[in-house]
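**Q** Structure of the sequence below:
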Amino acid sequence: MRVRFAPSPTGFLHIGNARTAVINHLIAKKNSADFIIRIEDTDKERSTIESEVSILDDLKWLGIEWSEGPDKDKALGPYRQSERSEIYREYTEKLLKNSKAFKCFCTNEQVEEDKKQAIAENRPFLDRCRDLSLNEQDELSAGGEFPIKFKVPENETIIFEDKIKGEVLFNSSNIGGDFIIVRTDGTPVYNYIVSIDDALMKITHVIRGEDHLSNTPKQILIAKAFDLPIPEYAHLPLILGFDKKKLSKRHGITSVDLYKKEGYLPEALMNYLGLFGWATESGDEILDFDKLASLFDISNIGKSPSIFDFHKLRWMNGFYMKKYPLNEITDMFMPYLEEAGFNVRNMERSRLENIISLIRNSCEILSDINSHAGIFLNDINPISEDADALLNEDYSKDIINIMYDAVQTMDEESIKTGFIAAIKEKSEHKGKKLFHPIRGVITGRLIGPDLDLAIPVIGVDKIKLRIENCKKRYC
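**A** As a prediction, the model looks like this:
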């Protein structure tokens, strides 16, 4: 078995394409198969080196590895279609000589007019140049460049067994007529050379998104024209947003690069994408790569599109974050803290780890740390809307005054170890009416880490500043 992932370097690695790469990687792992990467970069206007580098970096970040490349000794890869032009040129010459392709001399306007006429007469569209002899084509093309089209056989049934969808049937007369395989500038198009590459690279299984389903009959016809082997196909259902429309930017993050920047972990994204569209018999959802590969079967994936659950991915990511030792997760949080403006590089390591230990379980992605770290690192932490409303209550003002008086008479050690007990002793309030105002003053919010553990880490100086600020603001 040999599988491949073939991205076009025209943008970031979209989550749908990442899912395709993950599925191919899982299948290769389970079957000890070769897995190759082929960059489909013949679209000169849209393809960029920057995009290719970004895609390959994202694949490596996810933990996806490929088996080989053009340099077999070093197994570097990936293959690039832009480096295989001579191969495609030879195959094109074969098609022209065998009258299975032809040069087209029609203008775009003529082609559109002919298509309209075919529709009006309820017949398949046939290009007016398709029956020109080679000599006629050579004469007409002298001194100029013209596109080359594949001559689609008339009324031919194309059947293949899709590993997910079952039997799929097309009629050649209903796939849009003769189609361009080589552009006017001499560059071949995707639908043409993909069949050549899959055959020459001995790809046995093509697993890709459902949006490629309509390309399949054209690619099968190309393979048949050269008498090349036809791979088995599996077309993955679309990924939908919450509104049941195709996943796009309006639904949220859609590129792997942005997930990485937001602080998602590669093992979480791999787990989620590998399990997307199917479920284990046990119902287990947290599965490492090896376990996923052992359980995965392409036939388990449902035929219908599935909705991308951002909340579930966040939950899954939070689970993986909890598995990291404190020293490692602290290092992982540090770039996000620095980006938020917190000077943690010069902070005593033990203090930083104490802070992380108190707030790590409130984070589902690494960037969440920025909304919690201020409790410990800001001099005066911003007060949330719900905390502000509560601190404006009369009973809260009583507690603020008690807190203010207490810090004037308590020493540093007693504040660290017995501050809450001292306030409790002097206040007539109990339960939420006592502890919520104390938390609101000290942290600026009504939920958070255990106050007895947080107060020593926040530090006496910050505690005093925050109490003084609240006394001025509310009393």
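**Q** For this protein, just list every one of the strands.
**A** 2-5, 34-39, 79-80, 101-103, 148-150, 157-162, 166-171, 179-182, 205-209, 232-236, 239-240, 306-307 (DSSP state E).
**Q** On the pLDDT front, check the closest residue to residue 300 other than its chain neighbours for me.
**A** Among residues not flanking residue 300 along the chain, residue 278 sits closest, at 4.2 Å (CB to CB, 6 or more residues apart in numbering). Just so you know, the C-beta spots here come from the backbone N, C-alpha and C atoms, and that holds for glycine as well. Looking at residue 278, its pLDDT reads 93.
**Q** what do you get for the one 5 residues further on?
**A** According to the predicted model, the pLDDT of residue 283 comes to 92.
**Q** neighbours of it, just the number please.
**A** 6 (other CB atoms under 10 Å).
**Q** Can you name the residues that contact it?
**A** With contact set as CB atoms under 8 Å, 6 or more residues apart in numbering, residue 283 has no partners.
**Q** nearest spatial neighbour of residue 91, skipping sequence neighbours?
**A** residue 196 (5.5 Å).
**Q** Pass me the low-pLDDT residue ranges in the stretch 1-150 of the chain, would you?
**A** Within the stretch 1-150 of the chain, the ranges that satisfy pLDDT under 70 run 69-76.
**Q** my read: the residue nearest to residue 300 touches residue 304, true?
**A** No: in this structure, residue 278 is not within contact of residue 304 by CB atoms under 8 Å, at 11.5 Å.
**Q** on that earlier part again, for residue 295, see how far away the residue nearest to residue 300 is.
**A** In this view, residue 278 and residue 295 are 9 Å apart by CB to CB, to the nearest Å.
**Q** Please report how far the residue lying closest to residue 370 once chain neighbours are set aside lies from residue 463.
**A** Closest residue in space to residue 370, ignoring its immediate chain neighbours: residue 340 at 4.2 Å, by CB to CB, 6+ apart. Using CB to CB, one gets 22 Å for the distance from residue 340 to residue 463.
**Q** Those two - which one has more neighbours?
**A** residue 463 (21 against 15).
**Q** pretty sure that one is touching residue 415, no?
**A** Yes: using CB under 8 Å, residue 463 is in contact with residue 415, at 6.3 Å.
**Q** wouldn't residue 236 be in contact with residue 20 here?
**A** Yes: using CB under 8 Å, residue 236 is in contact with residue 20, at 6.2 Å.
**Q** out of those two, which sits in the more crowded spot?
**A** More crowded of residue 236 and residue 20, by other CB under 10 Å: residue 236, with 25 against 19.
**Q** still on that earlier bit, of residue 278 and residue 304, who's got more company?
**A** residue 278 (15 against 9).
**Q** and the spatially closest residue to residue 12 that is not a sequence neighbour, how many residues sit next to it?
**A** Nearest residue to residue 12 in three dimensions, chain neighbours excluded: residue 255, at 3.9 Å (CB to CB, 6+ apart). A count of nearby residues for residue 255, using other CB under 10 Å, gives 18.
**Q** and if you look at residue 464?
**A** 16.
**Q** Grab the nearest non-local neighbour of it.
**A** Nearest non-adjacent residue to residue 464 (CB to CB, 6+ apart): residue 407, at 5.3 Å.
**Q** any idea how far the one you found is from residue 259?
**A** For residue 407 relative to residue 259 (CB to CB), the value is 44 Å.
**Q** Which one of those two is surrounded by more residues?
**A** The residue with more neighbours, out of residue 407 and residue 259, is residue 259; 24 against 17, by other CB under 10 Å.
**Q** so that one touches residue 268, yeah?
**A** No: at 9.1 Å, residue 259 does not count as touching residue 268 under the criterion of CB under 8 Å.
**Q** ok, residue 253 - contacts?
**A** 15, 259, 262, 310 are the contacts of residue 253 under CB under 8 Å, 6+ apart.
**Q** What distance do you get for it to residue 314?
**A** Taking CB to CB, one finds residue 253 at 11 Å from residue 314.
**Q** Could you do residue 308 as well?
**A** Per CB to CB, residue 308 is found 12 Å from residue 314.
**Q** More neighbours: the two, which one.
**A** residue 308 (22 against 18).
**Q** Find me the pLDDT at the more buried one, would you?
**A** 94.
**Q** What separation do you get for it and residue 58?
**A** Relative to residue 58, and taking CB to CB, residue 308 is found at 17 Å.
**Q** cool, residue 460 as well?
**A** For residue 460 relative to residue 58 (CB to CB), the value is 46 Å.
**Q** Repeat that for residue 120.
**A** Residue 120 is 48 Å from residue 58, by CB to CB.
**Q** Just want to know which of these two has more residues nearby.
**A** Taking neighbours as other CB under 10 Å, residue 120 and residue 58 compare with residue 58 leading, 23 against 8.
**Q** what's the pLDDT at the closest residue to residue 274 other than its chain neighbours?
**A** Spatial nearest neighbour of residue 274, chain neighbours left out: residue 292 (4.5 Å); criterion: CB to CB, 6+ apart. We have a pLDDT of 95 for residue 292.
**Q** Any regions of the stretch 251-400 of the chain where pLDDT drops low?
**A** Within the stretch 251-400 of the chain, no stretch falls below the threshold (pLDDT under 70).
**Q** Do you have the helices of it handy? List them.
**A** Taking DSSP state H, counting those that start in this stretch as the criterion, the stretch 251-400 of the chain contains helices spanning 256-262, 266-275, 289-295, 310-322, 326-339, 349-359, 370-377, 385-391, 394-409.
**Q** what's the most buried one of those?
**A** Comparing the helices of the stretch 251-400 of the chain by mean neighbour count (mean count of other CB atoms under 10 Å), helix 266-275 comes out on top with a mean of 22.
**Q** outside of it, which residues touch it?
**A** For helix 266-275, the surrounding residues in contact (CB under 8 Å, 6+ apart) are 15, 18-19, 22-23, 26, 61-63, 256, 259-260, 285-289, 292, 296, 312-313, 316-317, 319-320.
**Q** Stretch 303-314 too?
**A** Contacts of stretch 303-314 (CB under 8 Å, 6+ apart): 15, 164-166, 210, 237-242, 244, 247, 251-253, 264, 268-269, 272, 276-277, 364-365.
**Q** For residue 333, see how far away the closest residue to residue 377 other than its chain neighbours is.
**A** Once flanking residues are discounted, residue 377 sits nearest to residue 342: 5.0 Å by CB to CB, 6+ apart. Using CB to CB, residue 342 is found at 10 Å from residue 333.
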